[in-house]
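Visitor: Compute the structure for the input listed below.
(2 chains)
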Amino acid sequence: MVYHPGLFARRKTAVHDLTLDVPQGAIYGFLGHNGAGKTSTIKILVGLQFATAGQAWIMNSDVRESQTRRNLGFMPENPYFYEYLTAEETLDFFGRLSGMDRPARRKRTDELLAQFSLESARKVPMRDFSKGMRQRLGLAQAIIHKPPLVILDEPMSGLDPLGRHDVRNIILSLRDAGQTVFFSSHILSDVEEICDRVCVLNQGHKVAEGPISSLLTGKVLEVKLSASGIPVAGLPEAAKLAIRAWHDGVQYHVLVDSEEKASQVKAQLEAAGGTLRAMQPHRESLEEYFVRVTQNNAATGPDALHGAGDGFLARPKAEGQS
Amino acid sequence: MIVGAIAMNTFREAVRDKILYVLLAFGVLMILVSRAIGWVSYGGSEKIMTDVGLTAIWIFSGMVSIFIGTGLIYKEIDKRTIYTILAKPAQRWQFLAGKYLGLLITTLVNLVFLSTAFLLYLWICGAPVTIALLQALFLTFIEMMVVTAIAIFFSSASTPILSAIFTTIIFFTGQMTKWVVELGASVKQTAPWVEKILYACYLFLPNLHNFNIRQQAVLATQENVMIASSEMFNCVMYGLAYTMAVLLAAHLIFRRRNF
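Guide: Numbers count the residues shown, from 1 in each chain, chains lettered A, B, ... in the order given. Okay, the predicted model is just below:
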């Protein structure tokens, strides 16, 4: 997919040679910094943009065919709806577009309004909806026809913690119902919490893909020890081993960069008459992994692929842009 | 089903838009003052009343088509409502056809409302209500079919302001295409290339004057005769063909557009 910014500006490749392996019934996180190509990829998959070369498939069906979209539901980033329609009319409209007959639409609208806590807003026009309500209705319209695959572009963007919590729970409930959820997000703590598998995109290239457990090394990066009964001046021998050591007036804290050093400091604290209150190992988070892999990629080029396999979602042929 | 859903939604959007009611109110007002214009004008007051009423309906129907139609597609793109629609199993031609039909229904409802008010007012005032008047109103609708297609065409490719300017220019120049040919003929000897350009314009622009049988209808009303059905048929066929061509052009622009 080549992006044409204007007549005289340089063309930019938005996405290049991308194959995504999305297992059925999984929650798949699609990660990348701003401008990495996430939204371009999603727009190609849902038929809003056309790849300049190559083809893309969803479940062996060409994304350019309108019938392919029967199998997917889509919510764009910050979904926009007709301001003059009520929640009920909006869902009915999208039900009609999805080819549902009137009784099915009515039944499904009632179900979704109840499921997404929008029952009281049934007759409320969209112009009076809050951001969180819009997001919930956006999700409801995406799944009105019960598609096996749901694609969400930044579903948690701009939501307060309660709204994020609601959206997280909805995504989990979709997986429980057997639907596959593919979503892009910048909120990596949420991705780490709910995703089964992730892909990291950098400058239009896939730089990592796989289950989170296989991507994160599990190696302990730091250990924080907290002990009481230590003088405010601290322990100089423990401080020598530490990245940082400090006393908060009640407890003495020591941060070290290995489990071996943590054992030594623990022994020193106990020898000095202190009581160990906590010993917290810190492992690599998805956010740290993301920063590491995208920075490495910027330096070395697109490699370091993990766990790539047969694609369920997008399998480019030929020059392969999806 | 998809075309119907989009058409009904477009109609609902127009019905919930205040601009439609403003235009309708002005249209009705114009019809009501037509009698007063008849009193102060030279010629029969019934004739002037009929003439002004038909023209008012034509103008305000055109304004509905232009003002609502020119922003129709652009607004969907600008407000990103198109994202959720095209991600459904809707084809792009269905989206365009739905928007077009929705606006056409709006124009039809507007025309029927104004026509009913007009004919009722004529009847109350004791002026003759004839088939020729209905024929003129019918051809006004066919003309609006063409104008609506042009508005949709520009809306799918340009901003509402530019679309409104282009469509309004075509709406009025389309009434004068006969003069374009006559003007070309008059400069044929001195500047043959100008004549060629003017003739190309004549072929390219819609001959909206074909649909203007308002004067004939007023005269036919006085003589209580009908407009020839062959003339009506030719106008309808021309209107349908031009509409299809413009919608096809809009589709060709819209089908590969990235959003």
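Visitor: secondary structure class for residue 222?
Guide: You didn't say which chain, so I picked chain A. strand (DSSP: H, G, I helix; E, B strand; the rest coil).
Visitor: think we crossed wires, I meant chain B
Guide: Relying on three-state DSSP, one would call residue B:222 helix.
Visitor: That one and residue B:47 touch, don't they?
Guide: Yes - with contacts counted by C-beta atoms under 8 Å, residue B:222 reaches residue B:47, the gap being 6.7 Å. Quick note: C-beta positions are derived from backbone N, CA and C, even for glycine.
Visitor: how about the residue nearest to residue A:147 when sequence neighbours are not counted, what does it touch?
Guide: Nearest non-adjacent residue to residue A:147, counting by C-beta to C-beta, 6 or more residues apart in numbering or on different chains: residue A:73, 4.2 Å away. With contacts defined as C-beta atoms under 8 Å, 6 or more residues apart in numbering or on different chains, residue A:73 is in contact with A:141, A:142, A:143, A:144, A:145, A:147, A:149, A:150, A:151.
Visitor: Wait, a strand at residue A:200?
Guide: Yes - counting by three-state DSSP, residue A:200 is part of a strand.
Visitor: any idea how far it is from residue A:287?
Guide: According to C-beta to C-beta, to the nearest Å, residue A:200 stands 11 Å off from residue A:287.
Visitor: Write out the residues of chain A neighbouring chain B.
Guide: A:43, A:46-50, A:66-67, A:69-70, A:72, A:74-76, A:78-82, A:84-85, A:89, A:93-94, A:96-99, A:138, A:141 (C-beta under 8 Å from any C-beta of the partner chain).
Visitor: ChimeraX command to pick out the buried ones of these?
Guide: The ChimeraX command for the buried members of these (criterion: 16 or more other C-beta atoms under 10 Å in any protein chain shown) is given here:
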select /A:43,46,47,48,49,66,69,70,72,74,75,76,79,80,81,82,85,89,93,94,96,97,98,138,141
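Visitor: Give me the subset of the residues of chain A next to chain B lying in helices.
Guide: A:43, A:89, A:93, A:94, A:96, A:97, A:138, A:141 (DSSP state H).
Visitor: mind listing what the closest residue to the last one other than its chain neighbours touches?
Guide: Excluding its sequence neighbours, the residue lying closest to residue A:141 (C-beta to C-beta, 6+ apart) is residue A:94, at 4.2 Å. Under the criterion of C-beta under 8 Å, 6+ apart, the neighbours of residue A:94 are A:141, A:144, B:84, B:88.
Visitor: what number of residues lie near residue A:13?
Guide: 16 (other C-beta atoms under 10 Å in any protein chain shown).
Visitor: ignore the last one, residue B:79
Guide: 13.
Visitor: Next: residue B:124.
Guide: Neighbours of residue B:124 under the rule other C-beta under 10 Å: 9.
Visitor: same deal with residue A:154?
Guide: Residue A:154 has 21 neighbours, counted by other C-beta under 10 Å.
Visitor: what do you get for residue B:228?
Guide: 11.
Visitor: just to revisit the earlier point, pick the one among the contacts of residue A:73 closest to residue B:72.
Guide: Taking C-beta to C-beta as the measure, residue A:141 is the one of the contacts of residue A:73 closest to residue B:72, at 21.2 Å.
Visitor: looking at it, that closest one is touching residue B:83, isn't it?
Guide: No - using C-beta under 8 Å, residue A:141 makes no contact with residue B:83, being 11.0 Å away.
Visitor: Quick check: neighbours shared by those two?
Guide: Residues touching both residue A:141 and residue B:83 by C-beta under 8 Å, 6+ apart: residue A:79.
Visitor: average pLDDT for the host helix or strand of residue B:74?
Guide: Using DSSP states H and E, residue B:74 sits in helix B:72-78. The pLDDT scores in helix B:72-78 average 88.
Visitor: what's the answer for stretch A:18-35, then?
Guide: The model assigns stretch A:18-35 a mean pLDDT of 90.
Visitor: mind listing what's buried in that stretch?
Guide: Across stretch A:18-35, burial judged by 16+ other C-beta under 10 Å covers A:18, A:19, A:20, A:21, A:22, A:26, A:27, A:28, A:29, A:30, A:31, A:32.
Visitor: Redo those residues as JSON lines? Include secondary structure.
Guide: Formatted as JSON lines, those follow (three-state DSSP):
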{"residue": "A:18", "secondary structure": "coil"}
{"residue": "A:19", "secondary structure": "coil"}
{"residue": "A:20", "secondary structure": "strand"}
{"residue": "A:21", "secondary structure": "coil"}
{"residue": "A:22", "secondary structure": "coil"}
{"residue": "A:26", "secondary structure": "coil"}
{"residue": "A:27", "secondary structure": "strand"}
{"residue": "A:28", "secondary structure": "strand"}
{"residue": "A:29", "secondary structure": "strand"}
{"residue": "A:30", "secondary structure": "strand"}
{"residue": "A:31", "secondary structure": "strand"}
{"residue": "A:32", "secondary structure": "strand"}
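Visitor: and of those residues, the nearest to residue A:114?
Guide: residue A:27 (23.2 Å).
Visitor: so how far is residue B:174 from that closest one?
Guide: With C-beta to C-beta as the criterion, residue A:27 and residue B:174 are 57 Å apart.
Visitor: what residues does stretch A:249-267 touch?
Guide: A:220-228, A:230, A:232, A:234-235, A:238-239, A:241-247, A:269, A:274, A:276-277, A:279, A:281.
Visitor: Would you mind writing the CA trace of that stretch as PDB?
Guide: Only the C-alpha atoms of stretch A:249-267 are listed here, as PDB (Å, rounded to 0.1, in the frame of the first residue of the first chain):
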ATOM      1  CA  GLY A 249      11.400   7.200  56.700                       C
ATOM      2  CA  VAL A 250       9.700   3.900  57.400                       C
ATOM      3  CA  GLN A 251      11.300   1.400  55.100                       C
ATOM      4  CA  TYR A 252      14.600   1.000  53.300                       C
ATOM      5  CA  HIS A 253      14.200   0.200  49.600                       C
ATOM      6  CA  VAL A 254      16.900  -1.300  47.300                       C
ATOM      7  CA  LEU A 255      16.600  -1.800  43.600                       C
ATOM      8  CA  VAL A 256      19.000  -4.300  42.000                       C
ATOM      9  CA  ASP A 257      19.300  -5.500  38.400                       C
ATOM     10  CA  SER A 258      19.600  -9.300  39.000                       C
ATOM     11  CA  GLU A 259      18.200 -12.100  41.200                       C
ATOM     12  CA  GLU A 260      21.800 -12.900  42.400                       C
ATOM     13  CA  LYS A 261      22.300  -9.400  43.700                       C
ATOM     14  CA  ALA A 262      18.800  -9.500  45.200                       C
ATOM     15  CA  SER A 263      19.900 -12.600  47.300                       C
ATOM     16  CA  GLN A 264      23.000 -10.800  48.500                       C
ATOM     17  CA  VAL A 265      21.200  -7.700  49.500                       C
ATOM     18  CA  LYS A 266      18.500  -9.800  51.300                       C
ATOM     19  CA  ALA A 267      21.200 -11.400  53.300                       C
END
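Visitor: Check the secondary structure at the closest residue to residue A:14 other than its chain neighbours for me.
Guide: Of all residues not flanking residue A:14 in the chain, residue A:40 sits nearest, at 4.0 Å (C-beta to C-beta, 6+ apart). Taken by three-state DSSP, the conformation at residue A:40 corresponds to helix.
Visitor: Could you report the separation of residue A:40 from residue B:237?
Guide: Distance from residue A:40 to residue B:237, by C-beta to C-beta: 45 Å.
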